[in-house]
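K.L.:
The sequence and its predicted three-dimensional model are supplied below.
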Amino acid sequence: MTVQAQSRGSGYLDRPAPSSLADVVEIILDKGIVIDAYVRVSLVGIELLTVDARIVIASVDTYLRFAEATNRLDLLEHGGGRELPDFIHDMQQSGAAGKVGGAVKGVKKALSSGDDDEDENEEEEERPRRSRKSSSSSRRRSSR
Amino acid sequence: MSSADVRPGTGLFVYAVVRAERDLPEGLVGVDGNPVALVPYGEIGAVVGEIALDRPPGRRADLTAYSAVMEALVPGGAVAPIRFGYVLRDDHEVVAEVLAPREDELTDLLEQLEGRVQYNVRASYVEDTVLAEIVRGDPEIRRLRDRTRDLPEDAGVGDRIRLGELVSQTWERLARVDADHLLTVVAPVVAAHAVRREPGPSAALDAALLVETERSQELEDTLEMLAEQASGRMQLRLVGPLAPYDFVGTA
């Protein structure tokens, strides 16, 4: 995997290794063979977060955010709305497209209850760090 | 290695079903750093690892440990992942509850998966490019935008909602067209695909692809070409090879 993750040549195609918790959750969430529930001794309530993950909102709030994004857009008049990427990122965190964010929050919720102090601290730190990271990686092209 | 001697107070975390004849990677460990072992039953077997039953509920490290086990199993032959989080009491229960009742089904499944791996592909949008495209392409959207863009934030809410609704709908239509195009180009290279998320403004395509291992490069080349074509408008991302999480059904 690590070898494959190295980008070959020109590379329009993004070839990341799934490293963050969000990536892993996204990959394994709700997937795999299901064993009849009654035989399960249970490790975690992880499936609960799939409820989060499936929520798709087409609310007035979302529409207003789209409208604002559209209105902030500078088309070709001034050469590119700088605020837009960040704005849309915020929108994704809270709006219809926030699946990963929601799922991760769900995981954290599910996972943090039995966690020790160290994990709790990590949790506090990880939130802003994750936002910055996903913002810069998914919006690389438009912000350069 | 046999895991017949499960100590009191411990259970078996069940990772995946594989062919019994295959080798497990040397020194492979899973959740809690415990070694994984095979519980064989005829031609199939379950990959399991010991786990303390009184341990605290799962931590995030468990998710990554689980996925690391899958990743390590992939090169050695077909892997049918068991959904994360199943713990059974001992190997008798693993046989009785997982392997024996579905022996034929699991044998067939592993046969289908042999020599194939999963890749996850996502085509996400470069938002400002698409928004500009949408505004240019729709007079009604342009009109609403012109009418609302210089108003104070709390004015023209009705128009704003209508504008956002139109943008959202247009974007979803556009995403379906893009998704169809991408899947049409990719289809000849893959054995199967499963849409993970319906096309929408966040991503035109979010899908799992089941691919013959020997066609992996071809898939990557195809997606590289698509990524180049879509450059500036969509960003294509390919993750894998992965265990075929999306192709083991749910039954």
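P.N.:
Now that the structure is in, tell me what you want to look at.

K.L.:
what's the burial count for the nearest residue to residue B:9 once chain neighbours are set aside?
P.N.:
In space, and not counting its chain neighbours, residue B:9 is closest to residue B:53: 5.7 Å by CB to CB, 6 or more residues apart in numbering or on different chains. Bear in mind the C-beta positions are built from the backbone N, C-alpha and C, glycine included. Close neighbours of residue B:53, defined as other CB atoms under 10 Å in any protein chain shown, add up to 13.

K.L.:
What values do phi and psi take at residue B:53?
P.N.:
phi -70, psi -20 (degrees, to the nearest 10).

K.L.:
got the phi/psi numbers for residue B:52?
P.N.:
The phi/psi pair for residue B:52 (degrees, to the nearest 10) is phi -70, psi 130.

K.L.:
I'd guessed it sits against residue B:32; true?
P.N.:
Yes. Under the criterion of CB atoms under 8 Å, residue B:52 lies in contact with residue B:32, with a separation of 7.2 Å.

K.L.:
Give me the more crowded residue out of these two.
P.N.:
Legend: neighbour count by other CB under 10 Å for residue B:52 and residue B:32, higher for residue B:32 (16 against 13).

K.L.:
Specify the local secondary structure of residue B:204.
P.N.:
State at residue B:204, reduced to three classes by DSSP: H, G, I helix; E, B strand; the rest coil: strand.

K.L.:
What helices and strands are in contact with the lowest-mean-pLDDT helix or strand in chain B?
P.N.:
The weakest-scoring helix or strand in chain B, judged by mean pLDDT, DSSP states H and E, is strand B:87-88 (a mean of 84). Packed against strand B:87-88, as judged by 3 or more CB pairs under 8 Å, 6 or more residues apart in numbering or on different chains; DSSP states H and E, are the following elements: strand B:10-19.

K.L.:
Show me what the helix or strand that comes right after the strand it packs on is packed against.
P.N.:
Where DSSP states H and E defines the elements, the next helix or strand beyond strand B:10-19 is strand B:36-41. The contact analysis (3+ CB pairs under 8 Å, 6+ apart) places strand B:36-41 against strand B:10-19, strand B:44-52.

K.L.:
remind me which residues of chain A are low pLDDT?
P.N.:
Counting by pLDDT under 70, the ranges of chain A that qualify are A:1-10, A:36-61, A:75-144.

K.L.:
again, but for chain B
P.N.:
B:1-6, B:56-59, B:250-251.

K.L.:
same thing but at 90, please
P.N.:
Along chain B, segments meeting pLDDT under 90 span B:1-13, B:51-64, B:83-90, B:93, B:97, B:149-158, B:202, B:249-251.

K.L.:
What ranges does it have for its helices?
P.N.:
B:60-73, B:91-94, B:103-113, B:127-137, B:139-148, B:157-186, B:216-230 (DSSP state H).

K.L.:
what is the orientation angle of the first one with strand B:36-41?
P.N.:
Pointing back at helix B:60-73 there. Angle of helix B:60-73 versus strand B:36-41, following axes from the mean of the first three to the mean of the last three CA atoms, to 10 degrees, is 60 degrees.

K.L.:
can I get the CA coordinates of helix B:60-73 in PDB?
P.N.:
Provided in PDB are the C-alpha atoms of helix B:60-73 (Å, rounded to 0.1, in the frame of the first residue of the first chain):
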ATOM      1  CA  ARG B  60     -10.300   4.400  17.800                       C
ATOM      2  CA  ALA B  61      -7.100   2.400  17.700                       C
ATOM      3  CA  ASP B  62      -9.300  -0.600  17.300                       C
ATOM      4  CA  LEU B  63     -10.700   0.600  14.000                       C
ATOM      5  CA  THR B  64      -7.300   1.200  12.600                       C
ATOM      6  CA  ALA B  65      -6.000  -2.200  14.000                       C
ATOM      7  CA  TYR B  66      -9.000  -3.900  12.300                       C
ATOM      8  CA  SER B  67      -8.300  -2.200   8.900                       C
ATOM      9  CA  ALA B  68      -4.600  -2.900   9.200                       C
ATOM     10  CA  VAL B  69      -5.400  -6.600   9.600                       C
ATOM     11  CA  MET B  70      -7.500  -6.500   6.400                       C
ATOM     12  CA  GLU B  71      -4.900  -4.600   4.500                       C
ATOM     13  CA  ALA B  72      -2.300  -7.200   5.500                       C
ATOM     14  CA  LEU B  73      -4.500 -10.100   4.500                       C
END
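
K.L.:
Give the other helices and strands that it contacts.
P.N.:
helix A:21-28, helix A:99-112, strand B:10-19, strand B:44-52, strand B:79-81.

K.L.:
Show me which residues of that helix are buried.
P.N.:
Across helix B:60-73, burial judged by 16 or more other CB atoms under 10 Å in any protein chain shown covers B:60, B:62-73.

K.L.:
how about the residues you listed, which pair is most distant?
P.N.:
Of all pairs drawn from those, the one with the longest distance (CB to CB) is B:60 and B:73, at 20.9 Å.

K.L.:
Which among the helices of chain B is found nearest to residue B:12?
P.N.:
Short answer: helix B:91-94, nearest of those by CB to CB, at 6.0 Å.

K.L.:
mind listing what's buried in the closest one?
P.N.:
Quick answer for helix B:91-94 (16+ other CB under 10 Å): B:91, B:93-94.

K.L.:
cool, stretch B:130-138 as well?
P.N.:
So for stretch B:130-138, counting by 16+ other CB under 10 Å, buried means B:130-132, B:134-135.

K.L.:
How about stretch B:186-193?
P.N.:
Neighbour-count burial for stretch B:186-193 [16+ other CB under 10 Å]: B:186, B:189-191, B:193.

K.L.:
Tell me which residues touch the residue nearest to residue B:187 when sequence neighbours are not counted, please.
P.N.:
In space, and not counting its chain neighbours, residue B:187 is closest to residue B:193: 7.1 Å by CB to CB, 6+ apart. Counting by CB atoms under 8 Å, 6 or more residues apart in numbering or on different chains, residue B:193 makes contact with B:183, B:186-187, B:207-210.
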